[in-house]
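The following block contains a protein sequence and its predicted model.
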There are 2 protein chains.
Amino acid sequence: MTKVKPKKPRIRILLGDAVSLGPGKIELIDAIEKTGSISSAAKSMNMSYRRAWNLVDSINHDFTDQIVVTSSGGKGGGGAVVTDMGLKIIERYRQIETKALKGVMQDLEEFGHYLSLKSSKSE
Amino acid sequence: MTKVKPKKPRIRILLGDAVSLGPGKIELIDAIEKTGSISSAAKSMNMSYRRAWNLVDSINHDFTDQIVVTSSGGKGGGGAVVTDMGLKIIERYRQIETKALKGVMQDLEEFGHYLSLKSSKSE
(Lines give C-alpha, C1' and ligand atoms only; values in the text may rest on other atoms or scores of the structure.)
Protein backbone atom coordinates (compact mmCIF):
# COMPACT_ATOMS: atom_id res chain seq x y z
CA MET A 1 0.00 0.00 0.00
CA THR A 2 1.35 3.38 -0.90
CA LYS A 3 0.86 6.07 1.70
CA VAL A 4 -1.56 8.69 0.46
CA LYS A 5 -3.42 10.90 2.89
CA PRO A 6 -5.93 12.02 3.73
CA LYS A 7 -7.63 8.81 2.73
CA LYS A 8 -11.30 8.13 2.74
CA PRO A 9 -12.55 5.57 5.22
CA ARG A 10 -12.93 2.05 3.90
CA ILE A 11 -14.86 -0.91 5.14
CA ARG A 12 -13.90 -4.52 5.54
CA ILE A 13 -16.82 -6.91 5.51
CA LEU A 14 -16.64 -9.80 7.96
CA LEU A 15 -18.93 -12.63 6.97
CA GLY A 16 -19.31 -15.26 9.64
CA ASP A 17 -16.07 -16.30 11.27
CA ALA A 18 -14.54 -17.40 8.05
CA VAL A 19 -14.40 -14.63 5.52
CA SER A 20 -13.02 -11.13 5.69
CA LEU A 21 -13.22 -9.12 2.52
CA GLY A 22 -11.80 -5.64 2.31
CA PRO A 23 -9.98 -3.19 0.07
CA GLY A 24 -6.72 -5.16 0.18
CA LYS A 25 -8.10 -8.33 -1.38
CA ILE A 26 -10.38 -6.44 -3.75
CA GLU A 27 -7.56 -4.21 -5.02
CA LEU A 28 -5.38 -7.27 -5.46
CA ILE A 29 -7.98 -9.03 -7.62
CA ASP A 30 -8.38 -5.83 -9.60
CA ALA A 31 -4.62 -5.52 -10.06
CA ILE A 32 -4.37 -9.13 -11.24
CA GLU A 33 -7.12 -8.44 -13.76
CA LYS A 34 -5.19 -5.42 -15.01
CA THR A 35 -1.67 -6.85 -15.01
CA GLY A 36 -2.37 -10.49 -15.85
CA SER A 37 -0.17 -11.99 -13.17
CA ILE A 38 0.07 -12.26 -9.41
CA SER A 39 3.68 -11.06 -9.37
CA SER A 40 2.95 -7.92 -11.42
CA ALA A 41 -0.13 -7.23 -9.34
CA ALA A 42 1.88 -7.63 -6.13
CA LYS A 43 4.57 -5.31 -7.45
CA SER A 44 2.02 -2.65 -8.39
CA MET A 45 0.73 -2.73 -4.82
CA ASN A 46 4.14 -2.82 -3.12
CA MET A 47 3.16 -6.18 -1.73
CA SER A 48 5.41 -9.21 -1.48
CA TYR A 49 4.71 -12.00 -3.95
CA ARG A 50 4.31 -14.37 -1.05
CA ARG A 51 1.64 -12.24 0.61
CA ALA A 52 -0.20 -11.77 -2.68
CA TRP A 53 -0.12 -15.49 -3.36
CA ASN A 54 -1.46 -16.24 0.13
CA LEU A 55 -4.28 -13.73 -0.32
CA VAL A 56 -5.21 -15.25 -3.69
CA ASP A 57 -5.22 -18.70 -2.12
CA SER A 58 -7.43 -17.41 0.67
CA ILE A 59 -9.80 -15.69 -1.78
CA ASN A 60 -10.12 -18.83 -3.89
CA HIS A 61 -11.07 -20.79 -0.80
CA ASP A 62 -13.57 -18.19 0.36
CA PHE A 63 -15.92 -18.52 -2.59
CA THR A 64 -17.84 -21.34 -4.22
CA ASP A 65 -16.15 -20.70 -7.57
CA GLN A 66 -12.54 -19.90 -8.31
CA ILE A 67 -11.81 -16.18 -8.39
CA VAL A 68 -8.27 -16.23 -9.77
CA VAL A 69 -7.00 -18.96 -12.09
CA THR A 70 -3.24 -19.30 -12.40
CA SER A 71 -1.20 -20.95 -15.09
CA SER A 72 2.32 -21.95 -14.19
CA GLY A 73 5.42 -22.17 -16.34
CA GLY A 74 6.15 -20.68 -19.74
CA LYS A 75 8.29 -17.64 -20.22
CA GLY A 76 7.56 -14.94 -17.66
CA GLY A 77 6.59 -17.59 -15.12
CA GLY A 78 2.93 -18.02 -15.97
CA GLY A 79 -0.01 -15.70 -15.61
CA ALA A 80 -3.21 -15.28 -13.71
CA VAL A 81 -6.73 -14.62 -14.90
CA VAL A 82 -9.64 -13.26 -12.92
CA THR A 83 -12.79 -15.29 -13.54
CA ASP A 84 -16.26 -13.87 -14.23
CA MET A 85 -17.13 -14.68 -10.66
CA GLY A 86 -14.08 -12.68 -9.59
CA LEU A 87 -15.20 -9.65 -11.56
CA LYS A 88 -18.67 -10.00 -10.09
CA ILE A 89 -17.26 -10.15 -6.57
CA ILE A 90 -15.26 -6.94 -7.12
CA GLU A 91 -18.30 -5.13 -8.47
CA ARG A 92 -20.64 -6.31 -5.73
CA TYR A 93 -18.13 -5.56 -2.98
CA ARG A 94 -17.69 -2.00 -4.24
CA GLN A 95 -21.43 -1.46 -4.46
CA ILE A 96 -21.89 -2.72 -0.92
CA GLU A 97 -19.01 -0.65 0.43
CA THR A 98 -20.24 2.54 -1.23
CA LYS A 99 -23.75 1.97 0.05
CA ALA A 100 -22.62 1.14 3.58
CA LEU A 101 -20.28 4.14 3.78
CA LYS A 102 -22.79 6.55 2.34
CA GLY A 103 -24.94 6.63 5.45
CA VAL A 104 -22.07 6.99 7.90
CA MET A 105 -19.62 9.42 6.31
CA GLN A 106 -20.53 12.20 8.72
CA ASP A 107 -20.21 9.86 11.70
CA LEU A 108 -16.86 8.58 10.49
CA GLU A 109 -15.55 12.08 10.04
CA GLU A 110 -16.51 12.90 13.62
CA PHE A 111 -15.01 9.62 14.76
CA GLY A 112 -11.79 10.59 13.03
CA HIS A 113 -11.35 13.47 15.45
CA TYR A 114 -10.63 11.01 18.24
CA LEU A 115 -7.82 9.44 16.28
CA SER A 116 -4.22 9.95 17.18
CA LEU A 117 -1.79 11.07 14.51
CA LYS A 118 1.05 9.22 16.16
CA SER A 119 -0.29 5.88 14.96
CA SER A 120 1.54 4.45 12.00
CA LYS A 121 0.58 0.81 12.09
CA SER A 122 -1.40 -0.70 9.27
CA GLU A 123 -3.10 -3.50 11.15
CA MET B 1 -13.64 -16.30 19.06
CA THR B 2 -16.10 -19.07 19.66
CA LYS B 3 -17.72 -20.57 16.59
CA VAL B 4 -21.38 -19.68 16.45
CA LYS B 5 -23.28 -19.83 13.18
CA PRO B 6 -25.06 -18.45 11.38
CA LYS B 7 -23.49 -15.17 12.38
CA LYS B 8 -24.56 -11.76 11.27
CA PRO B 9 -22.15 -9.86 9.07
CA ARG B 10 -19.87 -7.40 10.82
CA ILE B 11 -17.91 -4.46 9.59
CA ARG B 12 -14.38 -3.38 10.27
CA ILE B 13 -13.76 0.31 9.74
CA LEU B 14 -10.47 1.25 8.12
CA LEU B 15 -9.54 4.86 8.78
CA GLY B 16 -6.61 6.06 6.73
CA ASP B 17 -3.71 3.66 6.57
CA ALA B 18 -3.26 3.65 10.25
CA VAL B 19 -6.34 2.52 12.06
CA SER B 20 -8.50 -0.53 11.72
CA LEU B 21 -11.34 -0.85 14.16
CA GLY B 22 -13.61 -3.85 14.16
CA PRO B 23 -15.56 -6.22 16.36
CA GLY B 24 -12.42 -7.86 17.78
CA LYS B 25 -11.00 -4.71 19.36
CA ILE B 26 -14.41 -3.40 20.37
CA GLU B 27 -15.39 -6.66 22.07
CA LEU B 28 -12.04 -6.71 23.83
CA ILE B 29 -12.53 -3.20 25.26
CA ASP B 30 -16.02 -4.22 26.32
CA ALA B 31 -14.71 -7.38 27.99
CA ILE B 32 -12.03 -5.38 29.84
CA GLU B 33 -14.73 -3.02 31.09
CA LYS B 34 -16.75 -6.00 32.32
CA THR B 35 -13.96 -8.09 33.82
CA GLY B 36 -11.60 -5.40 35.05
CA SER B 37 -8.44 -6.92 33.63
CA ILE B 38 -6.81 -7.71 30.32
CA SER B 39 -6.12 -11.31 31.29
CA SER B 40 -9.73 -12.00 32.33
CA ALA B 41 -11.00 -10.26 29.20
CA ALA B 42 -8.64 -12.32 27.03
CA LYS B 43 -9.77 -15.52 28.73
CA SER B 44 -13.44 -14.69 28.20
CA MET B 45 -12.75 -14.27 24.49
CA ASN B 46 -10.53 -17.34 24.12
CA MET B 47 -7.74 -15.00 23.15
CA SER B 48 -4.14 -15.26 24.29
CA TYR B 49 -3.03 -12.70 26.85
CA ARG B 50 -0.27 -11.64 24.51
CA ARG B 51 -2.67 -10.95 21.66
CA ALA B 52 -5.02 -9.05 23.94
CA TRP B 53 -2.16 -6.99 25.30
CA ASN B 54 -0.96 -6.15 21.78
CA LEU B 55 -4.48 -5.12 20.75
CA VAL B 56 -4.81 -2.88 23.81
CA ASP B 57 -1.45 -1.31 23.03
CA SER B 58 -2.55 -0.72 19.45
CA ILE B 59 -5.90 0.76 20.56
CA ASN B 60 -4.19 3.12 22.99
CA HIS B 61 -1.95 4.36 20.20
CA ASP B 62 -4.83 4.78 17.76
CA PHE B 63 -6.66 7.44 19.73
CA THR B 64 -5.79 10.86 21.12
CA ASP B 65 -6.69 9.78 24.65
CA GLN B 66 -5.95 6.53 26.41
CA ILE B 67 -8.68 3.93 26.02
CA VAL B 68 -7.50 1.35 28.51
CA VAL B 69 -5.48 2.24 31.61
CA THR B 70 -3.60 -0.59 33.27
CA SER B 71 -2.24 -0.83 36.76
CA SER B 72 0.49 -3.36 37.37
CA GLY B 73 1.34 -5.34 40.48
CA GLY B 74 -0.76 -5.97 43.56
CA LYS B 75 -2.48 -9.28 44.18
CA GLY B 76 -4.08 -10.70 41.09
CA GLY B 77 -1.46 -9.00 38.92
CA GLY B 78 -3.05 -5.60 38.45
CA GLY B 79 -6.15 -4.53 36.65
CA ALA B 80 -7.33 -2.53 33.70
CA VAL B 81 -9.89 0.22 33.45
CA VAL B 82 -11.66 1.48 30.36
CA THR B 83 -11.65 5.27 30.23
CA ASP B 84 -14.63 7.48 29.40
CA MET B 85 -13.14 7.94 25.96
CA GLY B 86 -13.00 4.14 25.64
CA LEU B 87 -16.69 3.80 26.50
CA LYS B 88 -17.49 6.54 24.02
CA ILE B 89 -15.50 4.79 21.29
CA ILE B 90 -17.40 1.52 21.88
CA GLU B 91 -20.72 3.31 21.72
CA ARG B 92 -19.88 5.32 18.61
CA TYR B 93 -18.41 2.32 16.81
CA ARG B 94 -21.55 0.28 17.45
CA GLN B 95 -23.78 3.08 16.23
CA ILE B 96 -21.74 3.44 13.07
CA GLU B 97 -21.65 -0.29 12.43
CA THR B 98 -25.40 -0.69 12.91
CA LYS B 99 -26.09 2.25 10.63
CA ALA B 100 -23.68 1.07 7.94
CA LEU B 101 -24.99 -2.49 7.98
CA LYS B 102 -28.62 -1.45 7.96
CA GLY B 103 -28.59 -0.36 4.34
CA VAL B 104 -26.72 -3.38 3.02
CA MET B 105 -28.13 -6.37 4.86
CA GLN B 106 -29.99 -7.60 1.81
CA ASP B 107 -26.90 -7.17 -0.38
CA LEU B 108 -24.74 -9.00 2.14
CA GLU B 109 -27.16 -11.86 2.33
CA GLU B 110 -27.02 -12.23 -1.45
CA PHE B 111 -23.25 -11.90 -1.36
CA GLY B 112 -23.17 -14.71 1.17
CA HIS B 113 -24.49 -17.10 -1.46
CA TYR B 114 -21.16 -16.90 -3.27
CA LEU B 115 -19.29 -17.98 -0.21
CA SER B 116 -17.75 -21.37 0.10
CA LEU B 117 -18.45 -23.48 3.15
CA LYS B 118 -15.03 -25.09 2.97
CA SER B 119 -13.37 -21.97 4.30
CA SER B 120 -12.42 -22.13 7.94
CA LYS B 121 -9.83 -19.40 8.23
CA SER B 122 -10.44 -16.42 10.44
CA GLU B 123 -8.30 -13.86 8.67
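Everything's here; your move. Keep in mind it's a predicted model, so treat the numbers as computed, not measured.

and the gap between A:Ala80 and chain B?
Separation of A:Ala80 from chain B (Cβ to the nearest Cβ, to the nearest Å) stands at 19 Å. Quick note: C-beta positions are derived from backbone N, CA and C, even for glycine.

residue contacts, that residue?
Neighbouring residues of A:Ala80 by Cβ atoms under 8 Å, 6 or more residues apart in numbering or on different chains: A:32, A:36-38, A:41, A:56, A:68-71.

Kindly recompute the last result at 6 Å.
A:Ala80 makes contacts with A:32, A:37-38, A:68, A:70, as judged by Cβ atoms under 6 Å, 6 or more residues apart in numbering or on different chains.

Repeat that for A:Ala52.
By Cβ under 6 Å, 6+ apart, the neighbours of A:Ala52 are A:38, A:42.

follow-up on the earlier one: quick check, nearest of the contacts of A:Ala80 to B:Thr64?
Nearest to B:Thr64 among the contacts of A:Ala80: A:Ile32, at 38.6 Å, using Cβ to Cβ.

For chain A, which residues are neighbours of chain B?
Within chain A, the residues that sit near chain B (Cβ under 6 Å from any Cβ of the partner chain) are A:3, A:5, A:7, A:9-12, A:14-19, A:61-64, A:92, A:96, A:99-100, A:103-104, A:107, A:111, A:114-116, A:119, A:122.

Among those, the buried ones, what's the PyMOL command?
Listed next is the PyMOL selection for buried residues among those, using 16 or more other Cβ atoms under 10 Å in any protein chain shown:
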select buried, chain A and resi 9+10+11+12+14+15+16+17+18+19+61+62+63+92+96+100+104+107+111+114+115+119
